[in-house]
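Novice: Let's see this in three dimensions:
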Amino acid sequence: MTHSCDVAVIGGGPAGSTAAYALAKKGWRVVLFEKERHPRFHIGESLLPMNQPVFEQIGVLDEVERIGVYKPGAEFYDVDPKQPPHRFYFRDALDKNFPDAYQVRRDQLDEVLLRNCERNGATVCEESRVTAVDFAADGAGATLAVQPKQGDAQTWAARYVVDASGRDAMLGGKFGIKRKNQRHASAAIFGHFDGVPRNPGPEAGLISVCWFEHGWIWFIPLPDGMMSVGAVCSPAYLKTRRGSTEDFLAQTIAMTPPHVQQRMADAKLVGEVRAAGNYSYQCERMCFPGAILVGDAWAFVDPVFSSGVLLGMRAALRGADYVDAELRGAPEAVALRESFERISRRSVKDFTWMIARFNSPGIRHLFTNPGNPWRVQEAVTSLLAGDVERDNGVRPRLMFFRGLYYFFSVLQLPAAIREWFRRRARVRVMLNSDTGAAPEA
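Specialist: Okay, here's the model as predicted:
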């Protein structure tokens, strides 16, 4: 027996749930296949201010506020422990209308989004893994093989497919178009801890970032007094791990500046320490006849600027507009596809440039000794807030920031050259590895 639907969505993360919501609201028969059962663990707890209007648009902002920790901005510590942190408050961005965000447990957020699309008309099939997708030769529809955890294999016919399979990148793998980012390679090891002090008062929800010898470490305040703590390092460094992941994270923290070690002095691990590697990749195409790729199924940048949820959800909404037009045979479909691809690629490019250089002396100097000529610090704050899609003066100021980066890199040329060689060595390790994006372990 073959089941049928208008749109099959592969993956129940933020991008998949948002696409399913938007297409179901437009009146299409949408079926979402999620390989696991929510709630399930996922990295990526820190959200951005520009998520707020998206949450409001799809009707979940109140729920996100209930499960979140208020986040007014971020603070950055240099390697030198004598230097105080510099704080970027979202209220100081070019657009002052989005002054805050939230930190959440991703298992809770993802379940909120999944149940929301279900309430709004999408059929959700959890613990149902899509094992194969075959497209008609003329692009008019696809056949999906689905294996539920319980029961027999199923066959589904869909007029359109939305690949939101996350780092599995199902269609990217099928068509051989997934490419590791040759400018940036990183790996992460992370866990949730109790007993990690927060900043006092209104700054309690600030995310903290601190550079150290092998990369940088994050502190993300979570509900119930928990703190997400993780280190982003080179894949080569992560491969030196011997023993348990818990011991390796403890050894890594022992290499950080004294104030980081002091903050972790009374920390107690809650749950397991996890590792993930070779973060950054991008698929060569976003659209095929009968299919689009959204969220991490198309590209993953890095966790440093917490951009994944926002970019995935915004792309899902734009992609849903395009799919809707395609299914209706509307003449505006071509323009919507071009807009979907152009904005998504430009946004990822903006984040990628910064992230690829995040460990460089020039970026560290600018983030810990910022100035505001031509409102450039406000533009950087706008980037941190996720405001990269609108033509509101952010982009030309970010280009000016790039010029400042190159200027300060020349002033610190020996250190910049050493970091460039380290980055190239990390990329060689990544490109010579046997696997692409490593699964969460």
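
Novice: Confidence-wise, which helix or strand of this protein is lowest on average?
Specialist: Least confident helix or strand, the chain: helix 413-432 with a mean of 65, by mean pLDDT, DSSP states H and E.

Novice: now residue 403, what's its secondary structure?
Specialist: Secondary structure state of residue 403, per DSSP: H, G, I helix; E, B strand; the rest coil, is helix.

Novice: Please report how far it lies from residue 410.
Specialist: In this structure, residue 403 and residue 410 are 11 Å apart, going by CB to CB, to the nearest Å. Bear in mind the C-beta positions are built from the backbone N, C-alpha and C, glycine included.

Novice: Residue 157 too?
Specialist: From residue 157 to residue 410 the distance is 59 Å (CB to CB).

Novice: neighbour count winner among those two?
Specialist: Set side by side, residue 157 and residue 410 show more neighbours around residue 157, with 14 against 10, by other CB atoms under 10 Å.

Novice: ok, what's across the strand from the more buried one?
Specialist: On the basis of DSSP bridges, residue 157 is bridged to residue 4, residue 143.

Novice: My guess is it contacts residue 4. True?
Specialist: Yes. Under the criterion of CB atoms under 8 Å, residue 157 makes contact with residue 4 at 4.6 Å.

Novice: Would you agree residue 232 falls within a helix?
Specialist: No. Using three-state DSSP, the assignment for residue 232 is strand, not a helix.

Novice: Give me the neighbour count for it.
Specialist: Residue 232 - counted by other CB under 10 Å - has 24 other residues nearby.

Novice: One more: residue 265?
Specialist: 9.

Novice: where does it fall, helix, sheet strand or coil?
Specialist: coil.

Novice: residues in contact with the most centrally placed residue in the chain?
Specialist: The chain has residue 308 as the residue nearest its centroid, 1.9 Å off, counting by CA atoms, centre = their mean. Neighbour list for residue 308: 44, 295, 296, 300, 301 [criterion: CB atoms under 8 Å, 6 or more residues apart in numbering].

Novice: what element comes up after the helix or strand hosting residue 107 heading to the C-terminus?
Specialist: Per DSSP states H and E: residue 107 is located in helix 106-119. Next along the chain after helix 106-119, taking DSSP H and E as the criterion, comes strand 123-125.

Novice: Relative to that following strand, what are the paired strands and their orientations?
Specialist: Strand pairing for strand 123-125, using DSSP bridges, gives strand 30-33 (parallel).

Novice: Only the buried residues of the strand it pairs with, if you could.
Specialist: Within strand 30-33, the residues that count as buried by 16 or more other CB atoms under 10 Å are 30, 31, 32, 33.

Novice: what about dumping the CA coordinates of that strand to PDB?
Specialist: Output in PDB follows, covering the C-alpha atoms of strand 30-33 (Å, rounded to 0.1, in the frame of the first residue of the first chain):
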ATOM      1  CA  VAL A  30       2.000  17.700   5.100                       C
ATOM      2  CA  VAL A  31       3.600  14.700   6.700                       C
ATOM      3  CA  LEU A  32       6.700  15.100   8.800                       C
ATOM      4  CA  PHE A  33       9.000  12.100   9.500                       C
END
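
Novice: ranges for the helices of this protein?
Specialist: Remark: helices assigned in the chain by DSSP state H are 14-25, 51-58, 61-67, 106-119, 170-174, 235-238, 245-253, 258-263, 308-328, 333-356, 361-368, 376-384, 394-411, 413-432.

Novice: Return the set of buried residues in the third one.
Specialist: Pointing back at helix 61-67 there. Buried, per 16+ other CB under 10 Å, within helix 61-67: 61, 63, 64, 67.

Novice: outside of that helix, which residues touch it?
Specialist: With CB under 8 Å, 6+ apart, helix 61-67 has contacts from 47, 51, 52, 55, 102, 104, 105, 108, 109, 112, 116, 223.
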